[in-house]
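[1] here's my sequence, what's the structure:
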Amino acid sequence: MTPPPPPPPSTGHTVQLRSRVPGVVRAEITSIDTIHGLRSIVRVRIGRTEKAGALSPRDGESIAEAAHAALAERLPVVVELSSTGADIGEGLAALHGWGQAAKALTACSGIVPTVITVSGPAVSGPALMLGLADHVVMTEEAYAFVSGPHMVRQFTGVPIAAVDLGGAANHARHTGVASVVVADDDAAREAVAALFDYLPSHNDELPPVIPTDDPVDRLTPEAGAIIPATATGSYDVRTVMRSLSDDGEILEQKAAWAPNLVTAFASIGGRPIGFVANQPCALAGTLDIPASQKGARFVSFCDAFNIPLVTLVDTPGFYPGKDLEWRGMIRHGAQMAFAYARATVPRVNVTLRKSYGGAYIVMDSKQMGNDLALAWPSAEIAVMGAKGAVEILHRRATPEERLELETAYEARLLNPYIAADRGFIDAVIDPADTRREIAAALAVLENKREKLGPRSHDNTPL
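    Now for the predicted structure:
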């Protein structure tokens, strides 16, 4: 099956949608400037020109019509949002309009990319729109919440400012709503354009090839050199990602939220990819609830829009703790496994160092269905580390005996060759060859297609 032809280039013209309908929403088919040239999009502007951007029933209809146009023309949706919520003066009809908008944006999910930029308030219904979007860009002055400071004070008695309740910094660090936080509107538009450098316009299209002079067979000895000599040593996995990607460039998403897992767009040999990587310098690279949610959402997005996945593994397992277990570590940890297991895009897995226990499985192991599993000689693939295993299996051993047993366990099991012998790893490679091996795999897998079953949708663990 040959890839679909690229879309015709945008002419740069703008077509207004429902231009004579009164309200705070303005929609148009227009274009943005990317490294590939002009890309056509459907832009929806929700501004504070009157009534602080409060949405009337007609505004909700305008948003819905814009989303319908995006589906019909197979164009991405970019919403520029600043709204205080539904127009209270319009009563229930305003909520009905918001419901229409939410349903139409949901219909876009997985078919065309949806991106929302927030430059002011996003309150109540408009705030929930952020949760429907694939990516959210917030300016430093923006804030978003479902229930505002007045309601919080009324119900809890605790006074709080809007920026403390739902400021951009909070959504970047604590909630994961914001993919990127930028200085102002101009920077937000630049961030959106940079994102579309890696994205197709719709789910039946391959991502655009990114021009580069970086040779695909470039050696990457610096990638392996960063791994510490000790198993507990720390390093920044983004250094490895940059060494593997074209021209050392990555576009990280949700950098401040769940920093123990790094998700980023990049390209190798001009082919856009999605990196998913454990981050040893944050919580030792363990997986917790936010990291599982972050990874699952990113994997699902890449799978929806035909972006190959490259997973870099260095994790000792799931983060232990009563609070995490009580908050649903089982359900949220399953999200990562679910996302990888159903992904049909090309998938390459590289184990850099540790890969233990259940985390080994959910980080796109061979059992999850990856297309190629590679490992560095430094890789340790096992149920758990030597110390933990000896403490369980030899509880009555003396400290001296435990030390000997740990050394024997490491020599016998903590190396990638046992996994390779059993077919769980396809090849143990020199770190210097990693970029070349990944590029070769992506080239071979370029025409990978999987026939999907007849079911309308699955039941994602939420």
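
[2] name the helix or strand for Ile210, please.
    If you go by DSSP states H and E, Ile210 is not part of any helix or strand.

[3] burial count for the closest residue to it other than its chain neighbours?
    Leaving aside its sequence neighbours, Ile210 sits nearest to Ser267 (CB to CB, 6 or more residues apart in numbering; 4.4 Å). Just so you know, the C-beta spots here come from the backbone N, C-alpha and C atoms, and that holds for glycine as well. Residues within reach of Ser267, counting by other CB atoms under 10 Å, total 24.

[4] name the SS class of Ser267, please.
    strand (DSSP: H, G, I helix; E, B strand; the rest coil).

[5] would you agree it is in contact with Leu199?
    No. Checked against CB atoms under 8 Å, the pair Ser267 and Leu199 is beyond contact range at 12.0 Å.

[6] which phi and psi does the residue nearest the centre of the chain have?
    Relative to the mean C-alpha position of the chain, the nearest C-alpha, by CA atoms, centre = their mean, is the one of Phe298, at 2.6 Å. Dihedral pair for Phe298: phi -70, psi -40, per degrees, to the nearest 10.

[7] isn't it right up against Ala258?
    No. Using CB under 8 Å as the test, Phe298 is too far from Ala258 to be in contact (10.5 Å).

[8] okay, now the unreliable bits of this protein?
    1-12, 48-52, 89, 383-397, 400-413, 453, 455-456 (pLDDT under 70).

[9] how close does the residue nearest to the centre of the chain sit to Leu244?
    Phe298 is 17 Å from Leu244, where distance means CB to CB, to the nearest Å.

[10] please enumerate the helices of the stretch 351-462 of the chain.
    For the stretch 351-462 of the chain, the helices defined by DSSP state H, counting those that start in this stretch cover 357-362, 386-393, 399-413, 416-421, 434-444.

[11] hang on, I meant the stretch 101-250 of the chain
    For the stretch 101-250 of the chain, the helices defined by DSSP H, counting those that start in this stretch occupy 125-132, 149-156, 162-166, 168-170, 185-196, 221-225, 237-244.

[12] distance from the chain centre to the shortest one, please.
    Between the mean C-alpha location of helix 168-170 and the chain-wide mean there is a distance of 18 Å, by CA atoms, centre = their mean, to the nearest Å.

[13] report the buried residues of that helix.
    Residues of helix 168-170 classed as buried: 168, 170 (neighbour count, 16 or more other CB atoms under 10 Å).

[14] ok, residues contacting that helix?
    Here helix 168-170 makes contact (CB atoms under 8 Å, 6 or more residues apart in numbering) with 118, 138-143, 164, 178, 181.

[15] again with the third one
    Among residues not part of helix 162-166, those counted as contacts by CB under 8 Å, 6+ apart are 121, 127, 143-145, 148-149, 152, 170.

[16] who wins for most neighbours among those residues?
    Ala144 (31 neighbours).

[17] so which bits of the helix or strand hosting Ser31 are buried?
    Taking DSSP H and E as the definition, one finds Ser31 inside strand 25-34. Within strand 25-34, the residues that count as buried by 16+ other CB under 10 Å are 25-32, 34.

[18] the residue lying closest to Val42 once chain neighbours are set aside - how many residues pack around it?
    Spatially, and ignoring its direct neighbours in sequence, Val42 is nearest to Ala70 (4.1 Å; CB to CB, 6+ apart). Neighbours of Ala70 under the rule other CB under 10 Å: 29.

[19] contacting residues for Ala70?
    Ala70 makes contacts with 42, 76-77, 108, 112, as judged by CB under 8 Å, 6+ apart.

[20] ok, of the residues you listed, which come out buried?
    Burial by neighbour count, 16+ other CB under 10 Å: within the contacts of Ala70 this picks out 42, 76-77, 108, 112.

[21] from those, pick the one nearest Asp430.
    Asp430 lies nearest to Pro76 out of those, by CB to CB, at 40.1 Å.

[22] mind listing what the closest one touches?
    Pro76 neighbours (CB under 8 Å, 6+ apart): 39, 41-42, 70, 112-115, 196, 199, 201-202.

[23] swap the cut-off to 6 Å and go again
    Pro76 makes contact with 41, 112-113, 201, according to CB atoms under 6 Å, 6 or more residues apart in numbering.

[24] confirm that Ala66 sits in a strand.
    No. Counting by three-state DSSP, Ala66 is not part of a strand but helix.

[25] going forward, begin numbering at 8 instead of 1
    Yes, from this point I'll number from 8; that puts the last item at Ala73.

[26] please name the nearest non-neighbouring residue to it.
    Leaving aside its sequence neighbours, Ala73 sits nearest to Ala34 (CB to CB, 6+ apart; 3.8 Å).

[27] my guess is the one you found contacts Ile53. True?
    No. Under the criterion of CB atoms under 6 Å, Ala34 is not in contact with Ile53, lying 9.5 Å apart.

[28] one step back: weed out the non-buried ones from the contacts of helix 175-177.
    Among the contacts of helix 175-177, those buried by neighbour count (16+ other CB under 10 Å) are 125, 145-146, 148-150, 185, 188.

[29] which members of these are positioned in strands?
    The strands in this structure, assigned by DSSP state E, contain 125, 145-146, 150, 188 from the buried ones among the contacts of helix 175-177.

[30] and these, which two are the farthest apart?
    Tyr150 and Val188 (11.6 Å).

[31] between helix 132-139 and the host helix or strand of Ala101, find me the angle.
    Using DSSP H and E, the element containing Ala101 is helix 99-115. For helix 99-115 against helix 132-139, the angle by axes from the mean of the first three to the mean of the last three CA atoms, to 10 degrees is 10 degrees.

[32] return the list of helices and strands in contact with helix 99-115.
    In terms of contacts (3 or more CB pairs under 6 Å, 6 or more residues apart in numbering; DSSP states H and E), helix 99-115 is packed against helix 64-80, helix 132-139.

[33] all good on my end, thank you.
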